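Q: show me the folded form of this:
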Amino acid sequence: MKAINYYTNCLLNSIIFCNFTKQLNVMKNIFIYISFIIIFCSISTVKAQDIHFSQFFASPLNVNPANTGNFDGDYRFILNNKNQWQSFADAYRTFAGSFDMGINDLWIKNSLAGVGLQINNDIAGDGKFGTTQLYLNGSYYLPVLKEHGLFAGLGFNVGYVFHGIDFENLRFGDQFQNEYYNSEYFTEEVWDNKRINYFDLGLGLNIIYKNNPGFIPQIGLSVLHINMPGRSFYDNSDRYLPIKWTISGGADIALNDNFWIEPLLLIMLQQKYREYNLGAMCRYDYGLAGLQSLYFGALFRTRDAAILCLGVKYNNIKLSMNYDINVSKLTRISRGKGGIEFSLIYVIYKAKIFETPHYRKCPDFI
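A: This next block holds a predicted model:
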């Protein structure tokens, strides 16, 4: 709890300081209050399920399909890689890649349409339990209060998921004798399938306030696995993938011309499982010889890990890394060693077509 209070207090102090120095308007305060009410009302037991990253802000399409196309630029490529608990077990190796693009003024003026593709791959444990997810994403943003810079966007994803497992690498209770494993003992466990697959559907909502370039907050809600697909290696099983609710929030807040703070929030709910992430990233705009920005910050996944992050942005390429310091009961085995994670974001800006202003040549006699 001391760690939670520390990071929360740091985040509150930064935002309060920004409010006084920049004289933020009422809409800013409303956003801040809502975000922190959600945090303090929600913190409880943390457990994890589904593929996710500590740098959730660098994997936006996995968080909310409404994030598709929601960025400054024309085309965006993202790569994520995470190795977790490799210090004591071959636990998780996770990779994700995505591409998305934004289309301005499609059908309606001041609108933004987004389309994207994403792929996730995860291999877990000695049984090499594998997950491969392929998704098509789409989104559409409209101005809700144009004069106040408030935009709302809806998004969806539709995908196909593959699972596989190597049962030959697993050990079962009937293969042990006097607490020792005997490879000559054959298990009586029988599995109907070694591979399964299913369709998966998700929806998302995102709200952004863009009236002040020095304060750009957004908050989103996504509902994933809404079709609750069946997921079991037994043919007659009633096991299914439960719906996952995700609440995300963040803001870009300018403390001065070169220094920004980006508070971050992620809450994931899936049946009885809960995960809460909160913290902040700081950004220093350098702007010398292609080096655009430097990033540093910390997040906390309650009752699980402290996350230290560093990053750099060079010529539209943002490279970030973080290390998870395990603080849960697993520290007896992990000794605080969690996992390392990398992300790479590359944004392409199309060349703007220069149009000369219309003019009319005057006659020579005038």
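
Q: could you find the closest non-adjacent residue to Leu265?
A: Gly249 (4.1 Å; C-beta to C-beta, 6 or more residues apart in numbering). Yep, even glycine has a C-beta here, placed from its N, CA and C like the rest.

Q: what helix or strand is that neighbour on?
A: strand 244-254 (DSSP states H and E).

Q: which strands or helices does that strand pack on?
A: Packing contacts for strand 244-254, counted by 3 or more C-beta pairs under 8 Å, 6 or more residues apart in numbering; DSSP states H and E, involve helix 2-22, helix 26-42, strand 215-224, strand 259-270.

Q: what's the least confident stretch among the ones you listed?
A: For the helices and strands packed on strand 244-254, mean pLDDT drops lowest on helix 26-42, to a mean of 40.

Q: contact partners of the very next helix or strand once past it?
A: The helix or strand immediately downstream of helix 26-42 is helix 60-63, counting by DSSP H and E. Helix 60-63 is touched from outside by 51-53, 56, 67-68, 70-71, 78, 96, 98, 100, 116, 118, 120, 135, 137, 157, 220, 222, 246, 248, 266, with contacts defined as C-beta atoms under 8 Å, 6 or more residues apart in numbering.

Q: who's in contact with the residue nearest in space to the middle of the chain?
A: The residue lying closest to the centre of the chain (C-alpha atoms, centre = their mean) is Phe56, at 2.7 Å. Counting by C-beta under 8 Å, 6+ apart, Phe56 touches Asn62, Val63, Ser248, Leu264, Leu266, Asn277.

Q: make it 7 Å
A: Val63, Leu266, Asn277 (C-beta atoms under 7 Å, 6 or more residues apart in numbering).

Q: which residue, other than its chain neighbours, is closest to the last one?
A: Leaving out its chain neighbours, the residue that sits closest to Asn277 by C-beta to C-beta, 6+ apart is Leu266, at 4.2 Å.

Q: look at that neighbour and say how many residues are nearby.
A: 24 (other C-beta atoms under 10 Å).

Q: who does it form a beta bridge with?
A: Leu266 forms beta bridges with Ser248, Asn277, as assigned by DSSP bridges.

Q: what sits against it?
A: Phe56, Val63, Ser248, Asn277.

Q: for those residues, work out which two are farthest apart.
A: Val63 and Asn277 (10.4 Å; C-beta to C-beta).

Q: how about the contacts made by Asn110?
A: Pro143, Lys146.

Q: and it, that one's in a strand?
A: No - using DSSP: H, G, I helix; E, B strand; the rest coil, the secondary structure at Asn110 is coil, not a strand.

Q: circling back to that earlier point, now the contacts of Phe56 as a markdown table including distance to Glu189?
A: Shown next, in a markdown table, are the contacts of Phe56 (distance: C-beta to C-beta, whole Å):
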| residue | distance to Glu189 |
| --- | --- |
| Val63 | 37 |
| Leu266 | 37 |
| Asn277 | 37 |
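
Q: right, and Trp245 touches Ile226 too?
A: No - when contacts are counted by C-beta atoms under 7 Å, Trp245 is not listed as touching Ile226 (10.3 Å).

Q: quick one: contacts for the closest residue in space to Asn104 that isn't next to it in sequence?
A: Leaving out its chain neighbours, the residue that sits closest to Asn104 by C-beta to C-beta, 6+ apart is Leu112, at 5.9 Å. Going by C-beta under 7 Å, 6+ apart, Leu112 touches Gly69, Gly102, Asn104, Tyr141.

Q: one more: Asp50?
A: Contacts of Asp50 by C-beta under 7 Å, 6+ apart are Lys244, Gln270.

Q: again, but for the one 5 residues further on
A: By C-beta under 7 Å, 6+ apart, the residues touching Gln55 are Asn80, Cys309, Ser320, Asn322, Glu341, Ser343.

Q: go on, Arg231?
A: Counted by C-beta under 7 Å, 6+ apart, Arg231 has contacts Ile196, Tyr198, Arg239, Tyr240, Leu241.

Q: for the first one, give the beta-bridge partners.
A: When you say that, I think you mean Ile196. Applying DSSP bridges to Ile196, the residues it is bridged with are His163.

Q: return the distance of it relative to Gly164.
A: Using C-beta to C-beta, to the nearest Å, we find Ile196 at a distance of 8 Å from Gly164.

Q: can you check Asp252 too?
A: For Asp252 relative to Gly164 (C-beta to C-beta), the value is 41 Å.

Q: number of nearby residues for the nearest residue to Gln55 once chain neighbours are set aside?
A: Using C-beta to C-beta, 6+ apart and skipping the chain neighbours, the partner closest in space to Gln55 is Ser343 (5.0 Å). A count of nearby residues for Ser343, using other C-beta under 10 Å, gives 23.

Q: check contacts around Ser343.
A: Applying C-beta under 7 Å, 6+ apart, the residues near Ser343 are Gln55, Ala58, Ile78, Leu79, Asn80, Ser320.

Q: swap in 10 Å and give it another go.
A: 53-55, 57-59, 78-82, 96, 309, 311, 318-322 (C-beta atoms under 10 Å, 6 or more residues apart in numbering).
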